[in-house]
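Enquirer: Please work out how this folds:
(chains A and B)
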Amino acid sequence: MSNEATLHSQQEVMHGAHDHHDHEHHHEDSFISKYVFSMDHKMIAKQFLITGIVWAIIGAFFSVLFRLQLGFPDATFPWLESILGHWAKGGRITAEAYYALVTMHGTILVFFVLTAGLSGTFSNLLIPLQVGARDMASPFMNCLSYWFFFLASLVMMASLFVQTGPASGGWTMYPPLSALGDASIGSKIGVDLWLTSMALFVVSQLLGGLNYISTILNMRTKGMAMTKMPLTIWSFFFTAILGVLSFPVLLSGFILLLMDRHAGTSFYLSDIFIAGKALANEGGSAILYQHLFWFLGHPEVYIIILPAMGMVSEVLAVSSRKPIFGYLAMIGSLFAICILAFLVWAHHMFVTGLNPFLGAFFVLLTLLIAVPSAIKVFNWITTIWKGNINFTPASLFSIGFVSTFISGGLTGIWLGNSSIDIHLHDTMFVIAHFHIVMGVSAFFGMFAGIYHWFPKLYGRFMNSTIGYIHFWVTMVGAYLIFWPMHYEGMAGMPRRYYDVSNWASFKQFGGLNEFITIVVILVFAVQLLFVFNFFYSIFKGRKMTTLNPWNATSLEWTTPIHAGHGNWPGEIPEVYRWAYDYSKDGRDFIPQTEPIGPNEEVH
Amino acid sequence: MSGFLAVLVVVLIFIVIFQIAKASEYVSILKGEKKAREQSNRINGFLLIAFLVLGLIGVYYCNDLLKGKILGESASVQGEGVDTLIYVTLAITGIVFVITQILLFWFAFKYQEKEGRKAFYFPHNNKLEVIWTVIPAIALTVLVAFGLKHWFQLTSDAPKDAQVVEVTGKQFNWIFRYPGKDGQLGRRDFKAIDPGAGNELGMDWNDPLNKDDFMPTEVHLVVGKPVKFIIGSRDVIHDVGLPHFRMKMDAVPGIPTTLWFTPKYTTKQMKEKTGNPDFTYEISCDQMCGSGHYSMRGVIVVETQEEFDAWAAKQKSTYSLTHADTAAPAGAPKADSTQKVVAAVTK
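Expert: Next up, the predicted model:
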């Protein structure tokens, strides 16, 4: 108890002026309107974040389960049968269950965690706070966006419990495998539920994305020119544009798939003999689906990574007490990535029989993305150069982000070059590549964001010792898991193999697979430590005592500690300068709200 | 019981870590924020540089450990180009990797927060931006040029005299068909597929070209002779993966695809080269195709022309095997007017 007292002995300041009960126009704070169907962007951000965390635990746990099979193909784990029932008879995961777990791991992590959980959380939290708005352009649409996501989550969750199991054709859901119940047990009702859930998810993304765009374009406070916005906002802006333009294409692909499944159409089906009979479908193209899918699928990886880039830029500038280097180049490169994201989708299809001449353009455009990516990396490195870096968990995760983004980005240059891709396509090399560059990196960006803005979310700090343990184990673990995996891919070991022990060409990696699985379990345990830290700190964390704990320039730190709906108790502050005046003219930082001095040089 | 104990141990470790973490928070408050902050910056700064050094050693060690387990030299003439391109790309990306990682961690370590240090206000510098736009652009132009040169070679038309093998994927194995003595594959139609009658591919028995086609369980190829695979699928998408030859192509139902290459070494030579008596050229399925995906294994035997001829002479045509007891092929499935001519692709 005395410890508790020490922890909270410091004076709480600034408490009261912002108490939400003071706001007469928001006095209808019933439990339902405050915590459930809330229209406050800050609460919706929390809803996205916590739903995302729940999904992340499930999705990551699935990866532990299938890594157990891959690492120890001959062992039996009786406890698996108690969890999975007949999907793990005798304690060994069946092939069907393995593929269902792989598919759900991908779907959950890509869409529910790194799209909804990441950009849903931070776009919602930061856009109004950093541009100086009381809420989103349409708080109601924003609320709907979360609840459509919640519905999508319910349907996806339900699909885990149906008799024939969830979808199991890989997160890309390629037909004909996903179109024909006879081709795979997971393609029975599992795929219908998957498609339904994803359709709801697309609706959620569109409602959210349109809101983010209109808020950024129309609701900036006085003085907040586009070029004065923090890079976080720019990255959320481009993310939302990518989502709004590409998710509808995905939906169209899904609708055609649904019709092939139930309305007897042949969009994707032709010349198929399955379950002892030839199907009537003729003239469709299975490759058409891949075009529609990857037209979203590729922008999707930037939907995942851009918000992380934005937050890392912000955190690196704040913690090294330096302006982000090359602000305009950073915006330019975000813009270039955003445009190129729409022009490279077929690099996922180099070995589908794609016209080689067409393929050449996709090689060129794909490798072109390395240029803006390189600019960003060098700018981050220059940002910390001659800085005065304070290693908070957030800044460590940001440095980790740059490191993994380099490592995973460089292997993208291998895969984007079609001749090399022929050999490496659909091997473990691809798994290593995208897990480092969009899995680990995006998670690092998300962790940086959570540690950095946790005080803004809950008015308390997360425990930084656990944060440091979390960072170091995850950083070392991530490299131990994915670095050696490149070698498996170099040997041609295909991805999505349930067991490689019968293959003369791949079985030499048995020991390595065991090692990777052990590290996976360790890293997973440390993520649980983070989850515990997160929830514990919401209630018991060290309290925030000052408004601006990181001495940051941006607007969100001018709001009260527990800001009510509307964010600022009085007038919305006016903005006079960009968000990166750190260590300028001998001052540690100059908030955006401070007018430009008479003799001051404007950036 | 042991499972329960394991969970208990994990929970205990969690509690210990949590208590330490909490205690350190109290200590930092008692010691003063400033001192605690200095200490944590020192520790993390040291860990960052240690991570860099150990990481680079680890990269070297990992390569040492695993380089013998990847495939070694390409077993096809075309694959040599792929390997060269991989080495060039490895060199360029490797240099960039080492330089950027060293800069990142070194700067983080060197410019950690210190009493009295002032950060340098350095918002932009156009010269630097131009440098790191232009240099990557040049490096990538080189890679694109090299890459496309190989790409157009790899995807070029097969030589006219290439041996033709048809490879068809099904859940969950490969079906191979050779054109027989006439060098031409007969017509087939998926609607005529009848596994019960031994007609796995729906071959049209009215097409005389089909009469000598044979369907072995392994692919046999002649060393040094170009081979062209005509690839298809009769159910879902599969993928013919040939890691030793650095080749890969999807098998898509309804859309025939092709690939070609020239094997450089016989299976026997590879056994000697690799020192592995069990060496086998394998065909892996590289596109998720259902629950048996991981078991969709095919075998390729590369041999000399004489060995191949002897083997081919022993193969019985599918027609003769399936029509051994019928006098005439009258009962064969009738031809469909809309049938696809997959076989006679001679381009």
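Enquirer: and residue A:387, helix, strand or coil?
Expert: The three-state label for residue A:387, taken from DSSP: H, G, I helix; E, B strand; the rest coil, comes out as coil.
Enquirer: How about the contacts made by it?
Expert: The neighbourhood of residue A:387, defined by Cβ atoms under 8 Å, 6 or more residues apart in numbering or on different chains, consists of A:320, A:321, A:322, B:107, B:111, B:119, B:120. In short, each C-beta sits where N, CA and C put it, glycine included.
Enquirer: who wins for most neighbours among these?
Expert: Most neighbours among these, by other Cβ atoms under 10 Å in any protein chain shown: residue A:320, with 30 neighbours.
Enquirer: Tell me how far that residue lies from residue A:382.
Expert: With the distance defined as Cβ to Cβ, to the nearest Å, residue A:320 ends up 10 Å from residue A:382.
Enquirer: returning to that earlier point: ok, the contacts of residue A:387 vs residue A:446, which is closest?
Expert: Using Cβ to Cβ, residue A:320 comes nearest to residue A:446 of the contacts of residue A:387, at 20.3 Å.
Enquirer: isn't that closest one right next to residue A:384, touching?
Expert: Yes. Shown here, residue A:320 and residue A:384 form a contact pair, counting by Cβ atoms under 8 Å, at 4.8 Å.
Enquirer: what touches both of those two?
Expert: Shared between the contact lists of residue A:320 and residue A:384 (criterion: Cβ under 8 Å, 6+ apart) are residues residue B:111.
Enquirer: Is any residue of stretch B:185-204 near chain A?
Expert: Yes. Legend: contact between stretch B:185-204 and chain A by Cβ under 8 Å from any Cβ of the partner chain is shown at B:190, B:191, B:193, B:195, B:202.
Enquirer: Report the distance from that stretch to the chain centre.
Expert: Taking Cα atoms, centre = their mean, to the nearest Å, one finds stretch B:185-204 lying 30 Å from the centre of the chain it belongs to.
Enquirer: Just the buried positions in it, please.
Expert: For stretch B:185-204, a neighbour-count test (16 or more other Cβ atoms under 10 Å in any protein chain shown) marks B:185-194, B:199-204 as buried.
Enquirer: and what of stretch B:155-169?
Expert: Burial within stretch B:155-169, assessed by neighbour count using 16+ other Cβ under 10 Å, is assigned to B:155, B:158, B:162, B:163, B:164, B:165, B:166, B:167, B:168, B:169.
Enquirer: Name the residues of stretch A:562-577 that are buried.
Expert: Within stretch A:562-577, the residues scored as buried using 16+ other Cβ under 10 Å are A:563, A:564, A:565, A:566, A:567, A:568, A:572, A:573, A:575, A:576, A:577.
Enquirer: Export only the CA atoms of it, formatted as PDB.
Expert: Taking C-alpha atoms only, stretch A:562-577 is exported to PDB below (Å, rounded to 0.1, in the frame of the first residue of the first chain):
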ATOM      1  CA  HIS A 562      -8.900  13.100 -19.600                       C
ATOM      2  CA  ALA A 563     -10.300  15.100 -22.400                       C
ATOM      3  CA  GLY A 564     -14.100  14.900 -22.800                       C
ATOM      4  CA  HIS A 565     -15.900  14.600 -26.100                       C
ATOM      5  CA  GLY A 566     -14.900  17.700 -28.000                       C
ATOM      6  CA  ASN A 567     -11.200  17.400 -26.900                       C
ATOM      7  CA  TRP A 568     -10.600  21.100 -25.900                       C
ATOM      8  CA  PRO A 569     -12.600  22.600 -23.100                       C
ATOM      9  CA  GLY A 570     -12.500  26.100 -24.600                       C
ATOM     10  CA  GLU A 571     -11.600  27.300 -28.100                       C
ATOM     11  CA  ILE A 572      -9.600  25.000 -30.400                       C
ATOM     12  CA  PRO A 573      -6.100  26.300 -30.400                       C
ATOM     13  CA  GLU A 574      -4.700  28.000 -33.400                       C
ATOM     14  CA  VAL A 575      -1.600  26.800 -35.200                       C
ATOM     15  CA  TYR A 576       1.300  28.900 -36.400                       C
ATOM     16  CA  ARG A 577       4.100  26.600 -37.300                       C
END
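Enquirer: Scan chain A for its longest helix.
Expert: With DSSP state H setting the assignment, residue counts place helix A:286-320 as the longest helix in chain A.
Enquirer: Could I get the phi/psi values of the residue of the stretch 451-600 of chain A found nearest chain B?
Expert: Nearest to chain B, among the residues of the stretch 451-600 of chain A, is residue A:492, at 2.5 Å (Cβ to the nearest Cβ). Residue A:492 has phi and psi values of phi 90, psi 10 when expressed as degrees, to the nearest 10.
Enquirer: Surely it touches residue A:426?
Expert: No. Between residue A:492 and residue A:426 there is no contact under Cβ under 8 Å: 9.8 Å.
Enquirer: who touches both of the two?
Expert: Contact criterion Cβ under 8 Å, 6+ apart; residues bridging residue A:492 and residue A:426 by contacting each: residue B:241.
Enquirer: Strands of the stretch 51-200 of chain B, start to end?
Expert: B:163-170, B:173-177 (DSSP state E, counting those that start in this stretch).
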